[in-house]
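**Q** Here is my input, please return the structure:
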Amino acid sequence: MSLASAPQTAQDTATRPTAEPAGIRRRLASLLYESLLLLGVLGFTYILPLVGIGLAFGVTPPGAVLWLYLALVLGIYFIGLWRRNGQTLAMQTWEIKVVDALDGRIPSPRQCLLRYLLAWPSLCFFGAGLFWALFDRDRQFLHDRFAGTCVVFLRSRPATSVAGAAQR
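**A** Okay, here's the model as predicted:
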């Protein structure tokens with residue numbers, strides 16, 4: 001790095017906005033709300049098609065196929081929304097967002113896939129990956145740490161009044 005570019009880099013670092021990591025309670029509340037929203041998603045994409053297949057053809061797919069289908073449906077839901085804008089509906093409600101831990105941008109497809117796959121053991125082993133956040137230096141879940149992602153809190157913009165907007 002040349003000396004001429006050093007001050008510019010320092011200036012960019014000083015003016016670049018920093019994001020505040022989302023608190024554990026906010027992320028857990030979002031997770032609880034997400035589980036309620038997933039009832040509707042799974043009802044529409046999982047139960048209805050399987051009931052339709054069962055009634056039309058009198059068959060039920062084997063258990064392994066059902067688990068694979070479930071993982072695929074949820075993967076499309078989460079990875080698709082994280083890649084679109086870094087947020088699911090529950091995350092929008094709780095004003096949090098998944099970002100790349102290094103540059104603060106929307107995570108790459110690889111990071112989203114890794115985060116999704118690692119979230120399963122993080123949740124299924126008695127929440128060990130969630131419990132990890134109590135000891136993590138940045139209070140991040142274990143699957144976020146391994147995927148190179150971070151969940152940040154989006155500060156709400158102050159509401160503008162109608163009178164204030166009319167005066168402009």
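**Q** Let me see the confidence value for the residue most central in space within the chain.
**A** Nearest to the geometric centre of the chain sits V98, at 4.8 Å (C-alpha atoms, centre = their mean). For V98, the pLDDT comes out at 97.
**Q** contacting residues around it?
**A** Counting by C-beta atoms under 8 Å, 6 or more residues apart in numbering, V98 touches W82, G86, Q87, M91, I106, P107, C112, R115, D144, T149, C150, V151. Just so you know, the C-beta spots here come from the backbone N, C-alpha and C atoms, and that holds for glycine as well.
**Q** what pairs with it across the strands?
**A** V151 (DSSP bridges).
**Q** Quickly note the distance from it to R105.
**A** According to C-beta to C-beta, to the nearest Å, V98 and R105 sit 11 Å apart.
**Q** So which residues of this structure form helices?
**A** 5-15, 24-42, 48-57, 63-85, 89-93, 109-124, 128-131, 142-147, 162-167 (DSSP state H).
**Q** so which of these is the most packed in?
**A** helix 142-147 (a mean of 22; mean count of other C-beta atoms under 10 Å).
**Q** May I have it exported as PDB, CA atoms only?
**A** This file holds the C-alpha atoms of helix 142-147, laid out as PDB (Å, rounded to 0.1, in the frame of the first residue of the first chain):
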ATOM      1  CA  LEU A 142     -22.300 -20.100  16.200                       C
ATOM      2  CA  HIS A 143     -23.700 -20.600  12.700                       C
ATOM      3  CA  ASP A 144     -23.100 -16.900  12.000                       C
ATOM      4  CA  ARG A 145     -19.600 -17.100  13.200                       C
ATOM      5  CA  PHE A 146     -18.800 -20.100  11.000                       C
ATOM      6  CA  ALA A 147     -20.600 -18.600   7.900                       C
END
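**Q** what's that helix in contact with?
**A** Residues contacting helix 142-147 (C-beta under 8 Å, 6+ apart): 98, 101, 107, 111-112, 114-115, 118-119, 122, 128-130, 132-133, 136, 150-151.
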